[in-house]
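>>> Sequence below, structure please.
(3 chains)
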Amino acid sequence: MLTYLANPARFMAFSAWAAPIFLVAALALLAIGAPWGLFYSPADYQQGETVRIMYLHVPTAWWSMGIYAFMGAASFVGLVWRHALADVAARAAAPIGATFAAVCLITGSLWGAPTWGTWWEWDGRLTSMLALFVIYLGYIALWSAIEDEEKAARLAAILCLVGLVNLPIIKFSVDWWSTLHQPASIMRAGGSSIDPSMMGPLFAMAGGFLCLFAALLMMNMRAAVFRRRVEAARLRGADA
Amino acid sequence: MSALVATFRRDLALMWGGGGGALAPLGFFLGATMLVPLAMGPERNLLAAAGPPLVWIAAALAVLATLERLFQADLEDGSLDHMLLSPEPLELIVLAKGAALWVAVGLPLALASAPAAIALQAPPELVPAIVLSLLLGMAAFIGIGLVGAAVTAGVKRGGVLIALIVLPFFAPPIIFGSAVAGGEHVGAALSVLAGFALAALALGPIAAAAALRLQAE
Amino acid sequence: MSASGPFQDKPKIRADALSVARGGRVLFESLSFAAEPGAYIEIRGGNGAGKTTLLRTLAGYLKPRGGQIVFENAEEPSLALHFVGHQNGLKPTLSVASHLRYWAGLFGGAINAGVAAEKLGLSALLERAARTLSQGQARRLSLSRLVLAPRPIWLLDEPAAALDANGKAMLATIIDAHRAEGGLVLAAVHEPLGPTPSQTLTVGV
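Residues are numbered from 1 along each chain as shown, chains lettered A, B, ... in the order given. Predicted coordinates for the structure are as follows:
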């Protein structure tokens, strides 16, 4: 599948119809999952109604990490096989991953207000997510700071892979730090004690966000491919 | 004289000689340390709690400021082209440059952290551990910083960009270093810090050299 | 290898149907040539024709867009060649002598800093900081690498830039001596350097 799509022409043909389909699927899943989670699932016995924010918080947390892993894989392919479409994919995924991380941070903060009584708690997971968000920003900034697109792609790929190696280390350090400074463990959504009736809406939302990512990724990639074609045509025009 | 010794000596001469480039981060560090009590008030207990970790932050920012020109100068003046024609692999030349930076900037900063920590009311018995932790921490910062400096070498006025790229990766050494400075789990934190520094010095030059080969294109 | 003896291994360069691109733009296509020991090839072409790109590709800094470069009798091409680009690779605060010392260490091999300084007329300038050198003196310091660490293949990008008549004569002398020892020289030039080229390559479309 991936090797098949590695050909830019085939990718363009595939994404022309796949992107709208994924977009429709995303909207359908989110349209099901959101009311299901917000109105038809039970409130938590401890956290009450505020638990419902987890239907936004948890999927965005999962996928912001998943998207970074995807970028790492694409960067590796781009770096080792010098594959242009892999570079395009990594770059196109970054703003989506950053947005997911931002949504995760904002919902975490909103959830913290009634639960912890503060708009921001230096909780281990939120802190790791903040680090991931800053890594996304650095990656995007590096891309836009380098004018030569090919060079930018490879340098950003190196940075992305360095980030991929470092993320578990950052996570480990932050967890150690978090247990050092706040020994009280706070029950969090996404833990093991989740009620089965919450699983349905949670997975619907997670599936919806995944389809949303796929659709946005393909749309971003298509825009980048079109921009490259225009650029190439302009260069040929300048030569003639 | 091998290529690595030559590189080390030249970078040391560049940083210590002439323009006094290695003095600036030291001055920055002491200036930033001085601002801490001015912002927090001179109250002893407050300083004793927050001061030593702030020494770590000041040291991290001071070394960050030296990274921008580390490879950019070599890229602009053509020295990078020469390094690529050396019998020694670029990875080791990069490591030699990192070693020179550690001696010229890291070592003085770690030593200066002793008076800074005392001035910020750190318990005197903790000062040797703080200096030791910063010696290791500087190696870790430089190992990571090599990558940030290499990927941004071609970017004009890339100082803020380097900071943005490198700062999240400073989290682990800051966490374990500040634990030492705060007197918590000193032994364990020092060994994790040493492990992280070794890993950063082993992997950083590999990633940095890969980036520099692209920069020479 | 020594500065006085001929190059034992006599490397050659061959380029087959070479094409290079810069920033997505093809500069030239299907360039073929062969450089034998003792050759001196002048590369000609207008501004932006791809002279620098060709030399940087031969040096291994850039990958060719198509075609191939073959080095014969040179196991590791990057150790068999010198590249003198537009930038001289000098640090303003360091002295001439410390540049020679650094390069001697960096490039390895048999070294004679004294001979290099003498052949490029730098003997009286050894203690001067690079920032106090004139453009021509700085260029001569950069060229001294060629003599300092003997390597058979010289890739020179407008080596005579900023040189006065005296400096040009020194350059011609070391090129002739290098060819006599079996070395080979490729130079991108606007004006002839003096030595009679064995071949002239014109690049550009």
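>>> what comes up buried for stretch C:174-189?
For stretch C:174-189, a neighbour-count test (16 or more other Cβ atoms under 10 Å in any protein chain shown) marks C:174-175, C:178-179, C:181-189 as buried. Placement of C-beta: from N, CA and C, glycine included.
>>> scratch that, stretch A:213-224 is what I was asking about
Buried, per 16+ other Cβ under 10 Å, within stretch A:213-224: A:213-222, A:224.
>>> Looks to me like C:Gln68 is in a strand.
Yes: assessed with DSSP: H, G, I helix; E, B strand; the rest coil, C:Gln68 lies in a strand.
>>> Count the residues that sit near it.
10 (other Cβ atoms under 10 Å in any protein chain shown).
>>> excluding its backbone neighbours, what's nearest it?
C:Asp16 (5.3 Å; Cβ to Cβ, 6 or more residues apart in numbering or on different chains).
>>> before we move on, which element is the one you found in?
strand C:12-22 (DSSP states H and E).
>>> who does that strand touch, helix- and strand-wise?
strand C:25-35, helix C:51-58, strand C:66-72, strand C:184-188 (3 or more Cβ pairs under 8 Å, 6 or more residues apart in numbering or on different chains; DSSP states H and E).
>>> Turn those into JSON lines, columns for mean pLDDT.
Output for the helices and strands packed on strand C:12-22, formatted as JSON lines (pLDDT from 0 to 100):
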{"stretch": "strand C:25-35", "mean pLDDT": "86"}
{"stretch": "helix C:51-58", "mean pLDDT": "93"}
{"stretch": "strand C:66-72", "mean pLDDT": "89"}
{"stretch": "strand C:184-188", "mean pLDDT": "94"}
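>>> distance of the residue of chain A found nearest chain C from C:Val26?
Across chain A, the shortest distance to chain C (Cβ to the nearest Cβ) belongs to A:Leu235, at 5.2 Å. Distance, A:Leu235 to C:Val26, using Cβ to Cβ, to the nearest Å: 9 Å.
>>> residue boundaries of the helices in chain B?
For chain B, the helices defined by DSSP state H cover B:3-16, B:23-40, B:44-64, B:68-77, B:79-83, B:90-101, B:107-119, B:127-151, B:159-166, B:171-181, B:186-215.
>>> Show me the helices in chain C, by range?
C:51-58, C:77-80, C:96-107, C:113-119, C:135-148, C:165-180.
>>> Does anything pack onto the fourth one? Which helices or strands?
The one in question is helix C:113-119. Using 3+ Cβ pairs under 8 Å, 6+ apart as the contact test, the elements touching helix C:113-119 are helix C:96-107, helix C:135-148, helix C:165-180.
>>> To chain A, which of those helices lies closest?
So among the helices and strands packed on helix C:113-119, helix C:96-107 is nearest, using Cβ to the nearest Cβ, at 24.5 Å.
>>> residues contacting the residue lying farthest from the centre of chain B?
Here the centre of chain B is the reference, and by Cα atoms, centre = their mean the most remote residue is B:Glu43, at 30.1 Å. Residues near B:Glu43 by Cβ atoms under 8 Å, 6 or more residues apart in numbering or on different chains: none.
>>> per-residue confidence for the residue nearest to C:Gln68?
With respect to pLDDT, C:Asp16 scores 90.
>>> Pull the contacting residues for it.
Contacts of C:Asp16 by Cβ under 8 Å, 6+ apart are C:32, C:67-70.
>>> Next: A:Phe22.
With Cβ under 8 Å, 6+ apart, A:Phe22 has these contacts: A:211-212, A:214-215, A:218.
>>> ditto for C:Leu106
B:3, B:6-7, B:82-83, B:86.
>>> residues near the residue of chain A closest to chain C, how many?
The burial count for A:Leu235: 15, using other Cβ under 10 Å.
>>> Now it. Nearest residue, chain neighbours left out?
C:Arg25 (5.2 Å).
>>> How about B:Phe71?
B:Ala153 (4.1 Å).
>>> Tell me how far the one you found lies from chain C.
Distance of B:Ala153 to chain C, computed by Cβ to the nearest Cβ, to the nearest Å: 14 Å.
>>> With B:Ala216 instead?
With Cβ to the nearest Cβ as the criterion, B:Ala216 and chain C are 5 Å apart.
>>> Low-confidence regions, chain C specifically.
Low-confidence segments of chain C, defined by pLDDT under 70: C:1-9, C:110, C:205.
>>> Around chain A, pick out the residues from it.
C:23-26 (Cβ under 8 Å from any Cβ of the partner chain).
>>> Can you report phi and psi for the residue of chain C most remote from its centre?
The centre of chain C is farthest from one residue, C:Gly24, which by Cα atoms, centre = their mean lies 26.4 Å away. For C:Gly24, the backbone dihedrals (degrees, to the nearest 10) come out as phi 80, psi 10.
>>> Which element, helix or strand, includes the closest residue to it other than its chain neighbours?
Nearest residue to C:Gly24, sequence neighbours excluded (Cβ to Cβ, 6+ apart): A:Leu235, at 5.8 Å. Using DSSP H and E, A:Leu235 sits in helix A:196-239.
>>> What residues does chain B have near chain A?
B:147, B:151-152, B:154-155, B:158, B:161, B:164-169, B:171-172, B:175-176, B:179, B:184-185, B:196, B:203, B:207, B:210-211, B:214-215, B:217.
>>> Filter those down to the buried ones.
The buried subset of those - by 16+ other Cβ under 10 Å - is B:147, B:151-152, B:154-155, B:158, B:161, B:164-169, B:171-172, B:175-176, B:179, B:196, B:203, B:207, B:210-211, B:214-215.
>>> Pull up the residues of chain B that are close to chain C.
B:1-3, B:5-7, B:9-10, B:13-14, B:17-19, B:73, B:76-79, B:81-87, B:216-217.
>>> Go again with 6 Å.
B:1, B:3, B:6, B:10, B:14, B:17-18, B:77-79, B:81-82, B:85-87, B:216-217 (Cβ under 6 Å from any Cβ of the partner chain).
>>> Buried subset of the residues you listed, written for ChimeraX?
Burial among these is assessed by 16+ other Cβ under 10 Å; the matching ChimeraX selection reads:
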select /B:3,6,10,14,17,77,78,79,81,82,85,86,216
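>>> Name all residues that make contact with C:Ala149.
C:Ala149 is in contact with C:107, C:109, C:111, counting by Cβ atoms under 6 Å, 6 or more residues apart in numbering or on different chains.
>>> Burial check on C:Leu62, number of neighbours?
With other Cβ under 10 Å as criterion, C:Leu62 counts 18.
>>> what's the spacing between it and chain A?
11 Å.
>>> thought B:Gly204 was touching B:Ala149?
No: in terms of Cβ atoms under 6 Å, B:Gly204 does not count as a neighbour of B:Ala149; the distance is 9.8 Å.
>>> between those two, who's got more neighbours?
B:Ala149 (30 against 27).
>>> And the more buried one, what's its pLDDT?
B:Ala149 carries a pLDDT value of 96.
>>> Contact residues of chain A facing chain C?
A:Leu235.
>>> repeat that with 7 Å
Within chain A, the residues that sit near chain C (Cβ under 7 Å from any Cβ of the partner chain) are A:148, A:232, A:235.
>>> which of those lies closest to A:Arg10?
Distance to A:Arg10 across the residues of chain A next to chain C (Cβ to Cβ) is lowest for A:Ala232, with 18.6 Å.
>>> That closest one: neighbouring residues, count only.
12.
>>> what does B:Ala65 give?
B:Ala65: 16 neighbours (other Cβ under 10 Å).
>>> any idea how far it lies from B:Gly158?
For B:Ala65 relative to B:Gly158 (Cβ to Cβ), the value is 12 Å.
>>> Need the contact partners of stretch B:49-64.
Stretch B:49-64 is contacted by residues B:25, B:28-29, B:32-33, B:36, B:40, B:105-106, B:109, B:113, B:116-117, B:120-122, B:130, B:134, B:137-138, B:141-142, B:145, B:162-163, B:166, B:170, B:174, B:177-178, B:181-182 when judged by Cβ atoms under 7 Å, 6 or more residues apart in numbering or on different chains.
>>> Derive a ChimeraX selection command for the buried subset of these.
A single ChimeraX command is used to select the members of these judged buried by 16+ other Cβ under 10 Å:
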select /B:25,28,29,32,33,36,105,106,109,113,116,117,120,121,122,130,134,137,138,141,142,145,162,163,166,170,174,177,178,181,182
